[in-house]
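J.: sequence and computational prediction follow.
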Amino acid sequence: MTLDLAIILPTLNERDNLAPLVDRIEDALGPNGWEVLVVDDNSADGTADEARRLARGDTRVRVLQRIGRRGLSSAAIEGFCATAAPYVAVMDADHQHDPKLLKTMLEAVRSGEAEVAVASRFAEGASMEEWGRPDREKLSSVANGLARRLTGVELSDPMSGYFLLSSDTARALVPRLSGIGFKILLDLLATSERPLKVKDFPMNFAARRAGESKLDRAIALDFLAGLYDKSFGRIIPTRFALFGTVGALGVLVHLAILYLCLLAFGAGFTWAQGIATFGAMTFNFWLNNFLTYRDRRLKTLGKVLAGWASFVAACSVGAFANVAVASALFSRGLHEVLAAMVGIGIGSVWNYALSSRFVWGR
Ligand code: GDD
Ligand code: MN
């Protein structure tokens, strides 16, 4: 019996869901022709150990434990690249997705009826009643509408986390996927230069079995970053755009502190400018750590302090480049505002290059 289908299960704290899910997959697909690839991001609850325990007794189960990396999309991507099966499915490990659909989805793709089979919560005949989360249902429907408009992908549920396609198609797109966030399907469809033939399969989106959802907090942010990335990411990369936005906010913080020092505390300009610069750098470090590099966030006190110190050092180099370039242009007759803007631009690129390498680099 040959290997047909790899079912990629991205996991973050899903220990108790794994064994029953493998049973359900076996019920749906029969004993052979498939493998389950658990891509675990070093879950604290021992999901990877549990997956290895299952794998020892069942060679259809494989484990990829990632340490120091995070994210549903990137987990799926590594899954695509780690299987020899000609078809891959991505599915949630918490039992919200019914494995019964795998067979029909596989047939549709194998027969060429579709290139991507998508289990949809919004297709005719689907249901979300068991989910019991009307708030999330609403959010998903709004996000779907937005995604359809911005990417031109015509699909009832581009946010679905349950789909199946040929491994070759998936791998061919991998070099151009952003890997940010968890909208892996949308990413695949929007990245393909040629529109992929998609078929919807109405699903009954169930409630999660054990544990809790991981997507609530980061949902809006990752989603928006992903949409930005697809729309403008090739012109200005998402991370740099975030870094620049944080920098612009930092200017406001700088001015606020400056005026506070000057007006409320009667400080001299040099002191006020110094304190404001320091304050703005600290603010920028904090917000970049929170937003721009949320996937690589420095967390422990020691790391935060070291990161902050190297950020200040990196920014000082940027500031030096900024002033040097701006003065040189100004002295050659360029208008002062233009000279300042070029300086700021060059300083930002410098800061970005240095801090992505030395503050949040790995
Ligand atoms: N490896 C890895 N790394 N897996 C993750 C990560 C991560 O950072 N975050 C979540 N997962 C896994 C979970 O363990 C689960 O198996 C699956 O990805 C889905 O995560 P949930 O936390 O259960 O997501 P949800 O139920 O809130 O969201 C559902 O709806 C979204 C659309 O609204 C899922 O079906 C999503 O796939 C879907 O996009
Ligand atoms: Mn879930």
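T.: Sure, I can see it. Ligands and ions are numbered 1, 2, ... in the order given.
J.: where does the stretch 101-250 of the chain come near ligand 2, residue by residue?
T.: Within the stretch 101-250 of the chain, the positions adjacent to ligand 2 are R208 by Cβ under 5 Å from the ion. For the C-beta atoms, the positions are set from N, CA and C on the backbone; glycine is no exception.
J.: all strands of the stretch 101-250 of the chain, in order?
T.: Counting by DSSP state E, counting those that start in this stretch, the stretch 101-250 of the chain has strands at residues 116-120, 163-166, 198-202.
J.: same list, the ones you listed, but as a markdown table with mean neighbour count and mean pLDDT please.
T.: Listed next are the strands of the stretch 101-250 of the chain as a markdown table, based on neighbours: other Cβ atoms under 10 Å; pLDDT from 0 to 100:
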| stretch | mean neighbour count | mean pLDDT |
| --- | --- | --- |
| strand 116-120 | 25 | 96 |
| strand 163-166 | 24 | 98 |
| strand 198-202 | 19 | 94 |
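J.: do you know which of these lies nearest L305?
T.: strand 163-166 (43.3 Å; Cβ to Cβ).
J.: for the closest one, packing partners?
T.: strand 87-90, helix 101-110, strand 116-120 (3 or more Cβ pairs under 8 Å, 6 or more residues apart in numbering; DSSP states H and E).
J.: not counting residues beside it along the chain, what's closest to A306?
T.: Setting aside the residues directly before and after it, A306 is nearest to L298 in space (Cβ to Cβ, 6 or more residues apart in numbering), at 7.9 Å.
J.: where does the one you found land in three-state SS?
T.: coil (DSSP: H, G, I helix; E, B strand; the rest coil).
J.: any idea how far it lies from A143?
T.: For L298, the distance to A143 equals 29 Å [Cβ to Cβ, to the nearest Å].
J.: how about I184?
T.: Between I184 and A143 the distance, using Cβ to Cβ, works out to 14 Å.
J.: the two: which is more packed in?
T.: Using other Cβ atoms under 10 Å, the more surrounded residue of I184 and A143 is I184, with 29 against 19.
J.: now for this structure, the helix or strand with the poorest mean pLDDT.
T.: helix 219-232 (a mean of 73; mean pLDDT, DSSP states H and E).
J.: how about it: buried residues?
T.: I219, D222, F223, A225, G226, L227, Y228, D229, K230 (16 or more other Cβ atoms under 10 Å).
J.: that one near ligand 1 anywhere?
T.: No. Using Cβ under 6 Å from any ligand atom, helix 219-232 stays clear of ligand 1, with a minimum separation of 7.4 Å.
J.: residue numbers of the protein in contact with ligand 1?
T.: Contacts of the chain with ligand 1, taken as Cβ under 6 Å from any ligand atom, map to 10-12, 14, 39-41, 70-72, 75, 92-94, 96, 140, 159, 161, 182, 208, 213-215.
J.: neighbours around the closest residue to T169 other than its chain neighbours, how many?
T.: Distances taken as Cβ to Cβ, 6+ apart put E115 closest to T169, at 6.1 Å, once the chain neighbours are dropped. A count of nearby residues for E115, using other Cβ under 10 Å, gives 18.
J.: for E115, give me the pLDDT.
T.: On the pLDDT scale, E115 is placed at 96.
J.: so who does P86 touch?
T.: By Cβ atoms under 8 Å, 6 or more residues apart in numbering, the contact list for P86 reads L3, D4, S166, S167, D168.
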